[in-house]
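Asks: My questions are about this predicted structure, shown below with the sequence.
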Amino acid sequence: MTNFTLSDLESIVATRAAASRDESYTARLKEKGVAHVAKKLGEESVETIIALVSEDEERVISESADMLYHLLVALHLKNIPVASVLTELARRTSMTGLAEKASRTPQASGGRQED
Ligand SMILES: N=c1c2ncn([C@@H]3O[C@H](COP(=O)(O)OP(=O)(O)OP(=O)(O)O)[C@@H](O)[C@H]3O)c2ncn1[C@@H]1O[C@H](COP(=O)(O)O)[C@@H](O)[C@H]1O
């Protein structure tokens, strides 16, 4: 088990985003902008879904890592600290998932009733 955290990766992303595009994939993503990174995040999310449904554990872990990396790059480009996401997750621990869902406005949930 590793003690590597999302905050550690956030720091690496911030450093590498400032590197040369010739030596950093993160720098190339930054150059292409947040819309491109969002599209890559969508692709990695779909690949994670496919792995979850029909592939082995190793593929699920690999695709999940790709997805989290691209999410952290997107958050970096939006100047949103990972700590803000963790704070929101921490806030939600004070209630059940069903209570949290009920607390959302009809607009936020689209007024849908499904699970
Ligand atoms: N965790 C990651 C990480 N996960 C995935 N990827 C890259 O994300 C890409 C996703 O796979 P794709 O098949 O979609 O990529 P691709 O076809 O090469 O990408 P495109 O040409 O479509 O952009 C691959 O190129 C992976 O190498 C990552 N690239 C970097 N990191 C971390 O970021 C650090 C800094 O990397 P550099 O910015 O390259 O120095 C690394 O040391 C890692 O810690």
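Replies: Nice, I can see it.
Asks: how near is the residue at minimal distance from the centre of the chain to the ligand?
Replies: The structure's the chain has its C-alpha centroid closest to L71; by CA atoms, centre = their mean the separation is 3.1 Å. Here L71 is placed at a distance of 11 Å from the ligand (CB to the nearest ligand atom, to the nearest Å). No exception for glycine: its C-beta is placed from N, CA and C like everyone else's.
Asks: which SS class is that residue?
Replies: Recorded secondary structure, L71: helix (DSSP: H, G, I helix; E, B strand; the rest coil).
Asks: how about it, what does it touch?
Replies: With contacts defined as CB atoms under 8 Å, 6 or more residues apart in numbering, L71 is in contact with L41.
Asks: do the same with H76
Replies: 10, 13-14, 17, 30.
Asks: The ligand contacts on the protein?
Replies: Residues of the chain that fall close to the ligand, judged by CB under 6 Å from any ligand atom: 12, 16, 24-27, 65-66, 69.
Asks: In strands, which of these appear?
Replies: Using DSSP state E to define strands, no part of the residues of the chain next to the ligand is located there.
Asks: Which of those are buried, as a ChimeraX select command?
Replies: To isolate in ChimeraX the members of the residues of the chain next to the ligand that are buried, counting by 16 or more other CB atoms under 10 Å, one can use:
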select :16,24,26,27,66,69
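Asks: Tell me which two in the residues of the chain next to the ligand are the farthest apart.
Replies: A27 and A65 (19.3 Å; CB to CB).
Asks: May I have stretch 8-26 as PDB, with CA atoms only?
Replies: Presented in PDB, the C-alpha positions along stretch 8-26 are these (Å, rounded to 0.1, in the frame of the first residue of the first chain):
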ATOM      1  CA  ASP A   8       0.900  14.800  -4.000                       C
ATOM      2  CA  LEU A   9      -0.300  14.400  -7.600                       C
ATOM      3  CA  GLU A  10      -1.800  17.900  -7.500                       C
ATOM      4  CA  SER A  11       1.600  19.300  -6.600                       C
ATOM      5  CA  ILE A  12       3.300  17.300  -9.400                       C
ATOM      6  CA  VAL A  13       0.700  18.500 -11.900                       C
ATOM      7  CA  ALA A  14       1.200  22.100 -10.900                       C
ATOM      8  CA  THR A  15       5.000  21.800 -11.300                       C
ATOM      9  CA  ARG A  16       4.800  20.000 -14.600                       C
ATOM     10  CA  ALA A  17       2.200  22.300 -16.100                       C
ATOM     11  CA  ALA A  18       4.900  25.000 -16.000                       C
ATOM     12  CA  ALA A  19       7.500  22.700 -17.800                       C
ATOM     13  CA  SER A  20       8.300  22.700 -21.500                       C
ATOM     14  CA  ARG A  21       5.800  21.000 -23.800                       C
ATOM     15  CA  ASP A  22       8.800  19.000 -25.200                       C
ATOM     16  CA  GLU A  23       9.200  17.200 -21.900                       C
ATOM     17  CA  SER A  24       5.800  17.200 -20.300                       C
ATOM     18  CA  TYR A  25       2.400  15.700 -21.200                       C
ATOM     19  CA  THR A  26       0.900  17.900 -18.500                       C
END
